[in-house]
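Chemist: any chance you can model this:
(one chain, ligands or ions: 1)
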Amino acid sequence: MQNYENIFSELAEKIKNLIADSKTMENIIEIKNKYLSKKGEFSLLMGKIKEAEDKKAFGEAFNNAKNKIEEVLNEKVKEFEAKKLEAQLKKEEIDITLPGNNIKRGSENPFYKVRKEIEDIFISMGYTVATGPEVDYDKYVFELLNIPKDHPARDMQDTLYIEDDLLLRSHTSSIQAHVMEEANGKPIKIICPGKTYRRDDDDMTHSHQFAQVEGLVIDKNINLGNLKATLELFAQKMFSKDSKVRFRSSFFPFTEPSVEVDISCFNCHGKGCNVCKGTGWIEILGAGMVHPNVLRMSGYDPEVYSGFAFGIGIERVAMLRYGVDDIRRFYQSDIRFIEEFNKKVED
Ligand code: DAH
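Modeler: Numbers count the residues shown, from 1 in each chain. Reported below is the predicted structural model:
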């Protein structure tokens, strides 16, 4: 059998040396193109098969030589790849002993926490949450609540008017009127949290904008005892397990009888301290039985239906609950105040 190896060995050696000397991946590609591609110098040697006697032996010799070159080439490629990876890893090396970035977590304003707590307590008692417009008609803010135009009771709420008949609601009781109108004489059990506005000189306990949660229950056989039990449960969940509730008679145009509601002091449990100003009681909200006129105006027969209503000041509850001294702190977005409050909750 004839030995054809010599035909390829010279060029094969040359190529292997070039590969060994190559410094970059680009060099390798150049070599591949120049010698090993279809029309490459080495590949063209295959053409000489025409002159060969033993074509099989020629083919084998060619393939052997080509395979050997490719082996060397592949080794080189692997070497370059390993080097590249190493360099990349070096570049991406992280020093795990460096201190991390300090990510500051925001925290919820205490006002919203308390609003949510109040909602949760009433939702657990079967109430649904209703909302209404902050800019509303006189009809809903006053008239349907038994406060006709020129009635002196309007003086209780110094109202911000937009037009003669349109105003910033001065209490969330206006939502009652909307809900009653829509309920079409059916029973109601809602709370209505929301912002309210009055022309007030801002000081430690007053703000021209504040928030209330209104409550309204209308059904057959609703009485003052139901109201008291409801508010007592609220106080116990919000302030202290042993909270008690006391009613003092009061006046609101939309309720009859009307009451001012005090809770026993959760700080001293009735003994007298600075939170309750020595009285053992803290005033927290206004409430009463829905006035028959209010029921009638919204399509309920007061002989069949009765109801109770209450209005809670959210900031007042938050101030009491967390010992906040100035209502304005809730609106100033002072991060120190909010963070301080967060610590309190986590402790
Ligand atoms: N709307 C009253 C206010 O803002 C609060 C209030 C008192 C609401 C008694 C009521 C209620 O529903 O029954 O001063």
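Chemist: which residue does the stretch 101-250 of the chain have closest to the ligand?
Modeler: When scored by CB to the nearest ligand atom, the stretch 101-250 of the chain has residue 171 as its residue closest to the ligand, at 3.3 Å. Placement of C-beta: from N, CA and C, glycine included.
Chemist: what separates residue 309 from residue 96, distance-wise?
Modeler: 61 Å (CB to CB, to the nearest Å).
Chemist: correction: the previous question concerned residue 4.
Modeler: Distance from residue 4 to residue 96, by CB to CB: 60 Å.
Chemist: of the two, who's got more company?
Modeler: Each of residue 4 and residue 96 has its neighbours counted (other CB atoms under 10 Å); residue 4 has more, 23 against 6.
Chemist: who's in contact with the more buried one?
Modeler: If you count contacts by CB atoms under 8 Å, 6 or more residues apart in numbering, residue 4 has them with 52, 54, 57, 58, 61, 62.
Chemist: again, but for residue 307
Modeler: With CB under 8 Å, 6+ apart, residue 307 has these contacts: 188, 216, 217, 218, 219, 222, 289, 290, 295, 300.
Chemist: mind listing the helices for the chain?
Modeler: Along the chain, the segments classed as helices by DSSP state H run 5-21, 25-31, 41-44, 55-91, 110-124, 138-141, 173-183, 224-238, 292-297, 314-322, 335-346.
Chemist: for residue 211, find the nearest of those helices.
Modeler: helix 314-322 (4.2 Å; CB to CB).
Chemist: near the ligand, which residues of the stretch 201-347 of the chain? Just list them.
Modeler: Contact residues (CB under 6 Å from any ligand atom) of the stretch 201-347 of the chain with the ligand: 214, 252, 255, 286, 287, 288, 309, 310, 311.
Chemist: hmm, 5 Å instead?
Modeler: Contact residues (CB under 5 Å from any ligand atom) of the stretch 201-347 of the chain with the ligand: 252, 255, 286, 287, 288, 309, 311.
Chemist: make a markdown table from those residues and add neighbour count to it.
Modeler: Below are these laid out as a markdown table (neighbours: other CB atoms under 10 Å):
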| residue | neighbour count |
| --- | --- |
| 252 | 23 |
| 255 | 25 |
| 286 | 21 |
| 287 | 26 |
| 288 | 25 |
| 309 | 24 |
| 311 | 23 |
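Chemist: closest one of these to residue 45?
Modeler: residue 311 (100.4 Å).
Chemist: residues in contact with the closest residue to residue 234 other than its chain neighbours?
Modeler: Nearest non-adjacent residue to residue 234, counting by CB to CB, 6 or more residues apart in numbering: residue 121, 5.6 Å away. Taking CB under 8 Å, 6+ apart as the criterion, residue 121 is in contact with 233, 234, 237, 238.
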